[in-house]
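J.: Need the 3D shape of this:
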Amino acid sequence: MTRRFGDRATFAVEIGDAEHQLRAVDLWAAGKRLTTADNWAFLPSFIRAMRSSALQVRRHEVQPCPFPGHAPEEVFRVLHADETQFREQFWFMQWGETVDNVSKYAYLDEDLVIVFAFWRADHPTPEDLGRVSVARIPPEEFVATVEEAADLLNVEFAGGEPPR
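T.: Numbering: from 1, shown residues only. All right, here's what the predicted structure looks like:
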């Protein structure tokens with residue numbers, strides 16, 4: 001049984017099958033599945049990474065838009081082309097192998113803005129390869145979605161009963 005937290009159109013976490021310390025987890029942003037190459041998450045590190053991103057957003061430790069007045073797609077292109085450490089301030093959701101087929105950055109602009117593009121040639125939809133997508137979500141909604149999913153994963157990892 002798959003459990004969904006959030007909305008695929010903005011940001012969602014879907015939790016599926018389990019196998020030992022691994023769990024099938026699909027991540028969605030802007031209506032696109034981010035976990036196209038590998039959706040098996042190693043729970044101890046994945047839960048920690050999820051909680052870290054939620055805390056970063058809760059504390060408003062996500063940088064504001066680096067280029068105010070520019071479209072999110074342009075912000076992505078400029079950040080992605082940057083070869084200095086500047087762009088590292090905007091790296092987001094460093095959640096391991098599940099999302100290593102996606103280049104992603106985030107900034108606050110009232111909403112949390114997540115800009116991303118698939119870079120692997122083996123992405124299942126060639127038309128999405130290199131195309132920049134934009135997800136906008138209220139920060140509190142992102143935090144709630146990620147924390148609820150992390151709570152369920154943590155309970156299941158610890159061997160308890162998942163919340164109903």
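
J.: Okay, now the unreliable bits of this structure?
T.: Scanning the chain with the threshold set as pLDDT under 70 gives 121-127, 157-164.

J.: Apply 80 and report the result again.
T.: 1, 19-20, 120-130, 156-164 (pLDDT under 80).

J.: Identify the residues contacting the spatially most central residue of it.
T.: Taking C-alpha atoms, centre = their mean, the centroid of the chain lies closest to residue 93, which sits 4.8 Å from it. Neighbouring residues of residue 93 by C-beta atoms under 8 Å, 6 or more residues apart in numbering: 27, 49, 53, 99, 104, 106, 114. Where C-beta positions appear, they are placed from N, C-alpha and C, glycine not excepted.

J.: Please repeat the previous calculation with a cut-off of 10 Å.
T.: 11, 27, 29, 34, 49-50, 52-53, 56, 99, 102, 104-106, 114, 116, 146 (C-beta atoms under 10 Å, 6 or more residues apart in numbering).

J.: what about burial for these, which qualify?
T.: The neighbour count (16 or more other C-beta atoms under 10 Å) marks 11, 27, 29, 34, 49-50, 53, 56, 99, 102, 104-106, 114, 116, 146 as buried among these.

J.: Filter the contacts of residue 93 down to the ones in strands?
T.: Those of the contacts of residue 93 mapping onto strands are 11, 27, 29, 102, 104, 105, 106, 114, 116, per DSSP state E.

J.: Just send the residues you listed back as TSV, with distance to residue 131 too.
T.: Formatted as TSV, the ones in strands among the contacts of residue 93 follow (distance: C-beta to C-beta, whole Å):
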residue	distance to residue 131
11	18
27	17
29	13
102	12
104	13
105	15
106	18
114	15
116	10
